[in-house]
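S.K.: Here is my input, please return the structure:
(chains A, B, C and D)
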4 protein chains.
Amino acid sequence: MTAAGLTKFKHKYQVRVRYFEVDSQAVVHNARYLEYCEAARVEYLRGLGRKVKPGAVDDKIKVMIKKNEIVYHHPAKLDDLIDIYTRASFIKISSLGFEQVLVNHKNEKLLCTLNVIHVYLDPVTEEPVRIPDRYRKLFRDFEKENIEFIESK
Amino acid sequence: MTAAGLTKFKHKYQVRVRYFEVDSQAVVHNARYLEYCEAARVEYLRGLGRKVKPGAVDDKIKVMIKKNEIVYHHPAKLDDLIDIYTRASFIKISSLGFEQVLVNHKNEKLLCTLNVIHVYLDPVTEEPVRIPDRYRKLFRDFEKENIEFIESK
Amino acid sequence: MTAAGLTKFKHKYQVRVRYFEVDSQAVVHNARYLEYCEAARVEYLRGLGRKVKPGAVDDKIKVMIKKNEIVYHHPAKLDDLIDIYTRASFIKISSLGFEQVLVNHKNEKLLCTLNVIHVYLDPVTEEPVRIPDRYRKLFRDFEKENIEFIESK
Amino acid sequence: MTAAGLTKFKHKYQVRVRYFEVDSQAVVHNARYLEYCEAARVEYLRGLGRKVKPGAVDDKIKVMIKKNEIVYHHPAKLDDLIDIYTRASFIKISSLGFEQVLVNHKNEKLLCTLNVIHVYLDPVTEEPVRIPDRYRKLFRDFEKENIEFIESK
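M.R.: Model prediction:
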């Protein structure tokens, strides 16, 4: 990951690798990165004025994860500081894509990249609903030209 | 997931959703499925005569996860029984692909599908190494014609 | 833990140590034992006809953990099988005590012992309530003379 | 916990409750507090010049947890900020006691209190060893008269 590759990212969050998060190789367990990235997205959304809620239900909308695609490049080690870069990359009719890049704070090694897709659902029927315009605006105002709006599923 | 879609899978493992694995929606947290699938792969490999070891180092080879791609279809709930179907799907020069399908034991709903790639490394240099023939044979003997051998990276 | 010390225990549950549960010493992380013990208590309660529910609310009663006291004797290692012995040891006005003993299945080494106290609450006021007689009966019928009933807080 | 009760504590660390740490009651799972407290102790020890290491082996000494005793007062909820107060409370021949108090940052409610005992071991024999004087000095210099030195097991 060159510095250039990160210019699209306007949000950065940091975690330190805790003792219980590493495995017997003394590197971060592969599932822990999903937790780090979730924590980063919560802070990203907080920055946009949205608050995490129990049940992930916000304004009568339920948000679920549809897909996680994570590629591991270098392992993070016990006590490492990790910089997590987060950006909303696209909005389709009812789904929202995030791209996240994790970098070792000290040596700037690329640790892993995550593409995650959120889907917005009706909390009762659990059917996908159109992402409301007020949310679309939040992301557009923050991401500017770097987020794609796609009128398909 | 029709029953037909599972005919290639010769290994099945079961977990029950524990209390600490669900989130505030009372469904399994998205990162937990990676842990379930890892437990299933350990049992798959045990069936082939391989044992899980600290450091994931087996016969002077270190195994790391290169990629996890997981698609979520329906959430598993507290106390649900989950059937995990596992198969090795391909072997490239130094990487090994697994496909895993998680199904609700009771109502047979498809929960999620995972494609995970393991990479075999030299434990000292951490460079990829060719997956040894003794391992290739283990997978071929078990998976028969359902595993692809690909002579590329 | 001599075999004699376990005669009071009528419930046994088994877990296998999973890869993501060990730390960089390749032994089970100290917090994981609380999760194992919780899973064992769920099975204990299932045997008594009670079912785990989201929110831990059962018949208009909310159950919370008041105290965990865990003493570690020997570490469990990756892939070890652990036998968990569970018994309800006392019932006070609104609290219920469990004693749990974890033993390495293979070599019978004592791993750790847990004393945990549950408290029964009104789900609305969150004030302690008297444990209903129907529950008291369940525990008495199963534990016989080995459970103490104490009319104090 | 009155403010007076915290005067002995010279170290404070903060965590925010993450989404994957709460259970179906939308409160922090009881085992997660042990992880928060461990993270706080790592920072406490870092302040004393000690660094967390894989294997928890520092200068040919292995540190294991001997006991956790945790009392829960009020639950922490999703997204709460928690202040963790940590102090070393006693040093015996080969064991070290910590007292930790967790307080809701916003409303100052007492969440839980933990007493944890570390034991120092020879990494080869795994027998307890005397805590070296250089460590005793570190704790005395920081805790002053608030830490007890006890010449017994």
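
S.K.: Residue B:67 is in contact with residue A:30, correct?
M.R.: No: with contact defined as Cβ atoms under 8 Å, residue A:30 and residue B:67 do not form a contacting pair (9.5 Å). Using the backbone N, CA and C atoms, a C-beta is placed for each residue, glycine as well.

S.K.: Settle it for me: which of the two has more neighbours?
M.R.: Set residue A:30 next to residue B:67 and count neighbours by other Cβ atoms under 10 Å in any protein chain shown: residue A:30 wins out with 24 against 17.

S.K.: what about that one, which SS state?
M.R.: Here residue A:30 is coil, with the state taken from DSSP: H, G, I helix; E, B strand; the rest coil.

S.K.: residues contacting it?
M.R.: If you count contacts by Cβ atoms under 8 Å, 6 or more residues apart in numbering or on different chains, residue A:30 has them with A:70, A:72, B:34, B:38, B:65, B:68.

S.K.: Out of these, which sit inside helices?
M.R.: If you go by DSSP state H, these have B:34, B:38 in helices.

S.K.: sorry, back to before: overlap in contacts of residue A:30 and residue B:67?
M.R.: The overlap between the contact sets of residue A:30 and residue B:67 (Cβ under 8 Å, 6+ apart) consists of A:70, A:72.

S.K.: before we move on, back to that, I'd like the contacts of residue A:30 as CSV, with pLDDT, distance to residue A:14 and neighbour count appended.
M.R.: Shown next, in CSV, are these (pLDDT from 0 to 100; distance: Cβ to Cβ, whole Å; neighbours: other Cβ atoms under 10 Å in any protein chain shown):
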residue, pLDDT, distance to residue A:14, neighbour count
A:70, 98, 19, 24
A:72, 98, 19, 23
B:34, 98, 23, 24
B:38, 96, 27, 21
B:65, 96, 23, 20
B:68, 98, 23, 25
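
S.K.: could I get the contacts of residue A:30 as TSV with distance to residue A:141?
M.R.: Listed next are these as TSV, based on distance: Cβ to Cβ, whole Å:
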residue	distance to residue A:141
A:70	28
A:72	33
B:34	34
B:38	40
B:65	37
B:68	32
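
S.K.: Among the contacts of residue A:30, which one lies nearest to residue B:117?
M.R.: Nearest to residue B:117 among these, counting by Cβ to Cβ, is residue B:65 at 7.3 Å.

S.K.: gap between residue A:44 and residue A:96?
M.R.: 11 Å (Cβ to Cβ, to the nearest Å).

S.K.: how many other residues sit next to residue A:149?
M.R.: Residues lying near residue A:149 (other Cβ under 10 Å) number 12.

S.K.: Name the nearest residue to residue A:150, ignoring sequence neighbours.
M.R.: Leaving aside its chain neighbours, residue A:150 sits nearest to residue A:92 (4.8 Å; criterion: Cβ to Cβ, 6 or more residues apart in numbering or on different chains).

S.K.: what's the spacing between the one you found and residue A:125?
M.R.: Residue A:92 is 19 Å from residue A:125, where distance means Cβ to Cβ.

S.K.: hey, where'd the strands end up in chain A?
M.R.: Applying DSSP state E to chain A gives strands spanning A:11-16, A:57-58, A:61-72, A:81-91, A:95-104, A:110-121, A:148-149.

S.K.: Quick check: residue A:34 vs residue C:124, distance?
M.R.: 35 Å.

S.K.: right, and out of the contacts of residue A:30, which lies closest to chain C?
M.R.: Proximity of the contacts of residue A:30 to chain C (Cβ to the nearest Cβ) peaks at residue B:38, which lies at 5.7 Å.

S.K.: The closest one against residue C:21, yeah?
M.R.: No: between residue B:38 and residue C:21 there is no contact under Cβ under 8 Å: 10.4 Å.

S.K.: Give the residue spans of chain A that score low on pLDDT.
M.R.: Within chain A, the segments meeting pLDDT under 70 span A:1-4, A:55-59.

S.K.: residues in contact with the spatially most central residue of chain A?
M.R.: Centroid check for chain A by Cα atoms, centre = their mean gives residue A:41 as the closest residue, at 4.3 Å. Contact analysis of residue A:41 by Cβ under 8 Å, 6+ apart lists A:86, A:98, A:100, A:116.

S.K.: Who does the second one form a beta bridge with?
M.R.: With beta bridges defined as DSSP bridges, residue A:98 has these partners: residue A:88, residue A:116.

S.K.: dump the residue contacts of it.
M.R.: So residue A:98 contacts A:41, A:44, A:86, A:87, A:88, A:89, A:114, A:115, A:116, A:117, A:118 (Cβ under 8 Å, 6+ apart).

S.K.: Could you check which of residue A:92 and residue A:125 is surrounded by more residues?
M.R.: Neighbours per residue (other Cβ under 10 Å) separate residue A:92 from residue A:125, with residue A:92 holding more: 18 against 8.

S.K.: Can you pull the residues of chain A lying near chain C?
M.R.: Contacts of chain A with chain C, taken as Cβ under 8 Å from any Cβ of the partner chain, map to A:19, A:20, A:22, A:23, A:24, A:25, A:26, A:29, A:31, A:78.

S.K.: Touching, the last one and residue A:23? I think so.
M.R.: When you say that, I think you mean residue A:78. No: Residue A:78 lies out of contact with residue A:23 (Cβ under 8 Å); the separation is 10.1 Å.

S.K.: which residues are common contacts for these two?
M.R.: Shared contacts of residue A:78 and residue A:23 (Cβ under 8 Å, 6+ apart): residue C:24.

S.K.: mind listing what the residue sitting furthest away from the middle of chain A touches?
M.R.: Distance from the C-alpha centroid of chain A peaks at residue A:24, with 26.8 Å (Cα atoms, centre = their mean). Listed by Cβ under 8 Å, 6+ apart, the contact set of residue A:24 reads B:54, B:55, B:56, C:19, C:22, C:23, C:24, C:25, C:26, C:78.

S.K.: neighbours around the last one, how many?
M.R.: By that I understand residue C:78. The tally of other residues near residue C:78 (other Cβ under 10 Å) stands at 22.

S.K.: Could you check how far it is from residue B:62?
M.R.: Per Cβ to Cβ, residue C:78 is found 15 Å from residue B:62.

S.K.: do the same with residue A:122
M.R.: Residue A:122 is 46 Å from residue B:62, where distance means Cβ to Cβ.

S.K.: mind checking the end-to-end distance for stretch A:94-110?
M.R.: With Cα to Cα, to the nearest Å as the measure, stretch A:94-110 spans 31 Å from end to end.

S.K.: what does chain A have sitting close to chain B?
M.R.: Within chain A, the positions adjacent to chain B are A:24-25, A:30-32, A:34-35, A:38, A:54-56, A:62, A:64-72, A:75 by Cβ under 8 Å from any Cβ.

S.K.: Having no further points to raise, I will conclude here.
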